[in-house]
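Colleague: Need coordinates for the below:
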Amino acid sequence: MTQPWTLRRRLVLSTVALLAAMSIVIGFVSVLALRSYLVDRVDIQLQSATSRSQDFGGNAVAPGSVGDQVGIRPEFLAVGTISASITGGVLDAAIYFDDDGYVRILNGKQGATLVAVPADGTPRTVDLGGLGTYRVVSQPVDRAGSAIVVALPLTSVQSTVFQLGLVIAIVTIVGIALATVGARWIVRYALRPLDRVAATASHVAELPLDRGQVALAVRVPDADADGRTEVGQVGAAINRMLGHVASALHVRQESERKVRQFVADASHELRTPLASIRGYAELTRRGGHDLPPDVVHAIGRVESEAVRMTSLVEDLLLLARLDEGRDLEMGDVDVSMLLIDAVSDAHAAGPDHGWSLDLPEEPVTIRGDKPRLQQVVVNILANARVHTPPGTPVQVALRLDGDTALITVTDHGPGIPEQLQPQLFERFARGDGSRSRTAGSTGLGLAIVRAVVDGHGGSVQVQSEPGTTVFSIALPVGGPPTGTARPAATEGVNR
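Modeller: Next up, the predicted model:
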């Protein structure tokens, strides 16, 4: 597939092509006009030479001489001129004067060419072989078919026309080369405002407009947004569009802020009554009262649901705090020891799974928030335990790749359906079907994983097919870059 031409290239080539076409046409017309003019001059000389040949046809020529045969006087002929006489359609004599002034006789083929010229006094161009191209006039003398033929060479005409054509070609080539350089500079200068407009649009395109707090203060400069020019109209339109986008982003940000504030406030306020419900339910269950079995069962269900509700509230509160961009408590984290603790806890919670750990020989230490990173690993391990059948092997590995710590969690369960993988890290998304749940889930575990990893300036990915699911976490050793924006966790339907 050919690469499309840029506007700059099209303008330069169009300008140069137009100039080249005009130069060729002007040169061609000039050459034709000069040749026509010079041939007309030769025709005038022919008419004059023919007249002199007729006027002096019978004067001062000794009998038997060449001039007597031709019927003209040689001293009236210029160098290169050919003169001949034709009687009854037969060439009597034909001579020409060479460059040295000697009289020469034409050969039979050249003479036949002259005989073939109509005797009507009209100049014609003929090719006389070795003598070159000539302009010929055959002038009738009497009604018996006698005629006088005079021819002048076109060598000087052809030489002059060739020199003019060569000069025009050289000037055209040099002019096109200079025009190409000039056109490139002019077009580049003229398109600078368009380049600045494109640079502004590219800068806006690189902004993370889909998440976080966005201050869209970028605008096309006023000098490039003048509506009286074509580029200015584009710049003004982009400024208007950016204004609308900024307003929409402000409205969206304000709406998200209110939602986050509501979730944070509600989660915070719900923790106290939930704690009270759990406390009273537990107190009733442990109070030693003689209660009916159905009441004991109901109180147990109230307590378990309060525990699940508390977990959901805590997850929502954590996400709300991460969405608000609250700073993580950074410190040195021994990732190796963190994974050892997490796998030990996972083994205690799921002894029916095959847990394994692969660590480098040297401990890996990074800058991060240890409790939050602990929660990331715990959530992924819990995810593998809950969504895979008993006996499933789960491998946890850690390696150092330059300035990045790579954590992988691989399970050999049924896999994640392909249609669920794009939304796996969204809030309230759950994997179902072949990965049936054996325990309750809030659907926020992987959303928290992504929010915490993004807050550390890292990334998390998943690759899954039947029989193998791999979660990969990449964390910078030095911690998140200064000023890193924390993306808000997207909302949707968690594995």
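Colleague: From the contact counts, what lies against the helix or strand that contains G279?
Modeller: Secondary structure from DSSP states H and E places G279 in helix 230-286. If you count contacts as 3 or more CB pairs under 8 Å, 6 or more residues apart in numbering; DSSP states H and E, helix 230-286 packs onto helix 192-205, helix 293-323. In this view, the C-beta of every residue, glycine as well, is placed from N, C-alpha and C.
Colleague: most tightly surrounded among those helices?
Modeller: helix 293-323 (a mean of 16; mean count of other CB atoms under 10 Å).
Colleague: Just the endpoints, please. Distance across stretch 452-464?
Modeller: 22 Å (CA to CA, to the nearest Å).
Colleague: swap in stretch 118-134?
Modeller: End-to-end for stretch 118-134, by CA to CA: 15 Å.
Colleague: moving C-terminal of the lowest-mean-pLDDT helix or strand in the chain, what's the next helix or strand?
Modeller: Lowest mean confidence among the helices and strands of the chain (mean pLDDT, DSSP states H and E): helix 66-70, at a mean of 40. Following helix 66-70 in sequence order, the next helix or strand is strand 82-87 (DSSP H and E).
Colleague: now that next one, how far from the chain's geometric center?
Modeller: Relative to its chain's centre, strand 82-87 lies at 76 Å (CA atoms, centre = their mean, to the nearest Å).
Colleague: what does stretch 280-294 give?
Modeller: Counting by CA atoms, centre = their mean, stretch 280-294 comes out at 73 Å from the chain centroid.
Colleague: how about that stretch: buried residues?
Modeller: Going by neighbour count (16 or more other CB atoms under 10 Å), the buried part of stretch 280-294 is A281, E282, T284, R285.
Colleague: Switch the residues you listed over to CSV; also include distance to S304 and pLDDT.
Modeller: Converted to CSV, the buried residues of stretch 280-294 look like this (distance: CB to CB, whole Å; pLDDT from 0 to 100):
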residue, distance to S304, pLDDT
A281, 9, 80
E282, 11, 79
T284, 14, 79
R285, 11, 74
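Colleague: biggest separation within those, which pair?
Modeller: Farthest-apart pair in the buried residues of stretch 280-294 is E282 and T284; separation 7.3 Å (CB to CB).
Colleague: Now do the strands in the protein.
Modeller: Along the chain, the segments classed as strands by DSSP state E run 82-87, 90-97, 103-105, 124-127, 133-140, 147-153, 331-334, 354-358, 365-368, 393-401, 404-411, 459-465, 468-476.
Colleague: Which one, of the ones you listed, ends up nearest to L316?
Modeller: In terms of CB to CB, the element of the strands of the chain nearest to L316 is strand 459-465, at 20.0 Å.
Colleague: list the helices and strands the closest one packs on?
Modeller: helix 445-455, strand 468-476.
Colleague: what pLDDT, on average, does the last one get?
Modeller: Think strand 468-476. Averaged across strand 468-476, the pLDDT comes to 90.
Colleague: Likewise for the longest one?
Modeller: For helix 445-455, the per-residue pLDDT values average out at 84.
Colleague: Next, the angle from it to strand 459-465.
Modeller: Interaxial angle of helix 445-455 relative to strand 459-465 (axes from the mean of the first three to the mean of the last three CA atoms, to 10 degrees): 140 degrees.
Colleague: count of neighbours near V409?
Modeller: For V409, the neighbour count with other CB atoms under 10 Å is 23.
Colleague: quick one: it from I26, how far?
Modeller: Going from V409 to I26 by CB to CB, to the nearest Å gives 78 Å.
Colleague: ditto for P480
Modeller: Separation of P480 from I26 (CB to CB): 68 Å.
Colleague: Looking at those two, which has the bigger crowd around it?
Modeller: P480 (20 against 12).
Colleague: Would you enumerate the residues in contact with that one?
Modeller: L328, G455, H456, G457, G458 (CB atoms under 8 Å, 6 or more residues apart in numbering).
Colleague: Can you lay out the helices and strands packed on strand 459-465 as a markdown table showing distance to A236?
Modeller: Listed next are these as a markdown table, based on distance: least, CB to CB, whole Å:
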| stretch | distance to A236 |
| --- | --- |
| helix 445-455 | 37 |
| strand 468-476 | 42 |
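Colleague: closest to S48 out of these?
Modeller: strand 468-476 (99.1 Å).
Colleague: Which residues does that closest one contact?
Modeller: Contacts for strand 468-476 (CB under 8 Å, 6+ apart): 335, 366-368, 373, 376, 380, 383-384, 403-413, 415-416, 449, 453, 456-464.
Colleague: Swap in 7 Å and give it another go.
Modeller: Strand 468-476 is contacted from outside by 366, 368, 376, 380, 403-413, 415-416, 453, 456-463, using CB atoms under 7 Å, 6 or more residues apart in numbering.
Colleague: how much space between L328 and N379?
Modeller: Distance from L328 to N379, by CB to CB: 16 Å.
Colleague: How about V167?
Modeller: In this view, V167 and N379 are 84 Å apart by CB to CB.
Colleague: for E329, same thing?
Modeller: Look at E329 and N379: by CB to CB, they are 19 Å apart.
Colleague: So if I had to pick from V167 and N379, which one is more boxed in?
Modeller: N379 (21 against 12).
Colleague: residues in contact with the more buried one?
Modeller: Taking CB under 7 Å, 6+ apart, we find N379 in contact with G445, L446, I448, V449.
Colleague: Buried among those? Need that as a selection in PyMOL.
Modeller: Command for PyMOL that selects the buried part of those, burial taken from 16+ other CB under 10 Å:
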select buried, resi 445+446+448+449
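Colleague: Pipe the contacts of N379 into TSV and attach distance to T180 per row.
Modeller: As requested, these are arranged in TSV below (distance: CB to CB, whole Å):
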residue	distance to T180
G445	64
L446	59
I448	62
V449	59
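Colleague: Let me see the mean pLDDT of stretch 356-369.
Modeller: Here the average pLDDT along stretch 356-369 is 88.
Colleague: which residues are contacting it?
Modeller: With contacts defined as CB under 7 Å, 6+ apart, stretch 356-369 is touched by 328-330, 332-336, 339-340, 343, 393, 395-400, 405, 456, 475, 477-479.
Colleague: Mark which of the residues you listed are buried, thanks.
Modeller: 328, 333, 335-336, 339, 343, 395-398, 405, 456, 475, 477, 479.
Colleague: Show me which parts of stretch 122-139 are buried, residue by residue.
Modeller: Neighbour count says stretch 122-139 has P123, R124, V126, L128, L131, Y134, R135, V136, V137, S138, Q139 buried, by 16+ other CB under 10 Å.
Colleague: Could you check how many residues crowd around T180?
Modeller: For T180, using other CB under 10 Å, the count is 16.
Colleague: Same question for N383.
Modeller: 23.
Colleague: Any figure for the gap between it and G413?
Modeller: Computed as CB to CB, the N383 to G413 distance reads 10 Å.
Colleague: Equivalent analysis for G350, please.
Modeller: For G350, the distance to G413 - CB to CB - is 12 Å.
Colleague: With L13 instead?
Modeller: Distance, L13 to G413, by CB to CB: 61 Å.
Colleague: okay, those two: which has more neighbours?
Modeller: G413 (21 against 13).
Colleague: In contact with that one: list those residues for me.
Modeller: H387, T388, P389, T392, R435, T469.
Colleague: Let's see which of these end up in helices.
Modeller: When helices are assigned by DSSP state H, not one member of the contacts of G413 lies inside them.
Colleague: Just flag the most distant two among these.
Modeller: P389 and T469, at 13.0 Å, using CB to CB across the contacts of G413.
Colleague: Between the two, tell me which one has more neighbours.
Modeller: Using other CB under 10 Å as the criterion, P389 and T469 rank with T469 on top: 27 against 13.
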